[in-house]
Every structure is written in C-alpha cells, then in structure tokens.
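*Asks:* Sequence first, predicted coordinates after that:
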Amino acid sequence: MKTNSNGRRFFVGGNWKMNYSKLLLERINDTLRKTKDIDVDIVCAPPILFIRDFILSKPSHVQVAGQNCYHAKEGAFTGEISPEMLKEIGCTWVILGHSERRTLFHENDELLKKKIDYVLNKTDINVIACIGETLQERESGKTNEIVERQVRAYQEKISNDQYNRVVIAYEPVWAIGTGKVATPQQVQEVHERLRKFIEKNTNSDIAKKIRIIYGGICLLLNKFILIFNEYTGSVNGSNCKELAQQPDIDGFLVGEFEQICKARQN
C-alpha cells in the first residue's frame, strides 16, 4: 500500500454529477483500467440510476460512491436515497456537502451534521465531506472562518475512532468559472490550517492521519471526455504533480484520471 511520507494513502475521486451515456461509461472504464497498477485509492460517483451499470463493468480496484444521501433508512422522503440503499447496490462511499448541494439545494451545516451522524453511526459507509468558500467569502478574507466552521460542524458528529472513515475535500468554490486559479501554495496553506484546526479539536494522531484532498466538480459529457471534473482550481495532468507534492494535499477530485493517479509517484 503506497502512502506519502506522512503515512496517508493518496486518494483520487471522480464525481460524474448528472451526466451519463454509454460512451461516457466506456471511456471512463478505459481510463480506469490504465490505473490498475497505480497504488492509490480510486473512488467514482456515477448518477444513482447508473451505479449498477458501473459496478458491473468497472475494474475491481475502483470503489464506488453515492453523490448524496438522506439521514434516514426509509420513509416518506420523495426523491431521496438512504445510505442503506447505497450500500445494498455496492457503494462504500458517499459524498456529503458538495458545493452544489449547498448552493443549489440549500443544504446547510445543520443538515449535514444529521447526514454524517447517520452515515457514520448507522452504516459502515465512508464519507467524502466537502467544504469550501465562495468568491465573495474569499475576497472578504473569510476563507479560514468559513472552512473551519464547516469542518467544525462535521466534527461535532465524528467520534475519534471514526476519522479513518472520513476524507475532507476542500473545494474552493471561488475558482469555478471565474478565471481565478488557486496556486499550490494557496491550497497548501488552507490544507495546513485545516489540519491544525482538526488537531486542535481532536489530537495530533488523528490530524496526521486524516486525508484532506483538493476538490473539484464533474462537468463533462462530450466527445472529448476522459475528464471527470471541471476542476475548481484548474488541475490537470500537467500541473497536478506540484499540488500532489505539497505536504498536506492527500489527493484530488479532478480530471485526466490516469495522469493524476500517477502524480504522487516518483
């Protein structure tokens, strides 16, 4: 099992969002097969209706995530899906708190506390817990305040022995479609501060072991697809290596999958 110098195994994920076609499935699987011998954790999150198709065709080393879930096993919750349902169809991960869930569907910290509490205490599914500030918050100098508040909300429902089931995904919403690009130094600065914040509220061992990845969002369904995410900070195969070498960046949710999986090697 390959880890970085801090003992954290590199993590690469892809969120397909509301995109699917047979061509997309074939192209993604072609790319994933090339990552077979790359020693990182790889997790993909297809739309819920097509998770079964992906599970039946994906390479065995790839894990599967739901893009969202509700904080109940069953009931009168039209349009929702439970963690138990995700597990039954083969998911081992779920994404919570994605920026689009927060902005488009008005999910807030209180709701996300209920979700992560339910997932961690009622199931054995792992969590990709997303955080991130908007452009307005960034320009107002509120980055630390916002991301620490979001992490604190999750932490209220995570016991010390559950942190090994959680990956934090920092997603700088301010870099999406703005022409602004987060430098490796900017990303490292936020990740380092987050790790210190987590240590302050837990202990040094947990802070050293928890993975904090640099998040992106999937947007892509056209003839040029092999990229999962229109990245929030413009990460691709040509510039991910510098990001991957930062001491507190433990992975990505980005595009050009094969190259990014290799970024931590050598």
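*Replies:* Here it is on my side, so go on.

*Asks:* Can you name the residues that contact Gln188?
*Replies:* Shown in contact with Gln188 (Cβ atoms under 8 Å, 6 or more residues apart in numbering): Gln246, Pro247, Asp248, Ile249. All C-beta spots, glycine's among them, are computed from the backbone N, C-alpha and C.

*Asks:* Could you measure from it over to Asp53?
*Replies:* Separation of Gln188 from Asp53 (Cβ to Cβ, to the nearest Å): 38 Å.

*Asks:* what are the ranges of the strands in the stretch 101-250 of the chain?
*Replies:* For the stretch 101-250 of the chain, the strands defined by DSSP state E, counting those that start in this stretch occupy 126-131, 166-170, 211-214, 217-218, 229-230.

*Asks:* quick check: longest helix of the protein.
*Replies:* Counting by DSSP state H, the longest helix found in the chain is helix 184-201.

*Asks:* And the nearest residue to Asn144 once chain neighbours are set aside, how far from Ile249?
*Replies:* Closest residue to Asn144 apart from its sequence neighbours, by Cβ to Cβ, 6 or more residues apart in numbering: Arg193 at 6.1 Å. Remark: distance between Arg193 and Ile249 (Cβ to Cβ) = 13 Å.

*Asks:* Return the backbone torsion pair for Phe252.
*Replies:* Phe252 adopts backbone torsions of phi -140, psi 160, taken as degrees, to the nearest 10.

*Asks:* Quickly list what it is bridged to.
*Replies:* Val12, Tyr214 (DSSP bridges).

*Asks:* count of residues packed around it?
*Replies:* When neighbours are defined as other Cβ atoms under 10 Å, Phe252 has 31 of them.

*Asks:* Kindly list the single helix or strand of this protein that scores lowest on mean pLDDT.
*Replies:* strand 229-230 (a mean of 32; mean pLDDT, DSSP states H and E).

*Asks:* State the distance from Glu107 to Lys114.
*Replies:* From Glu107 to Lys114 the distance is 10 Å (Cβ to Cβ).
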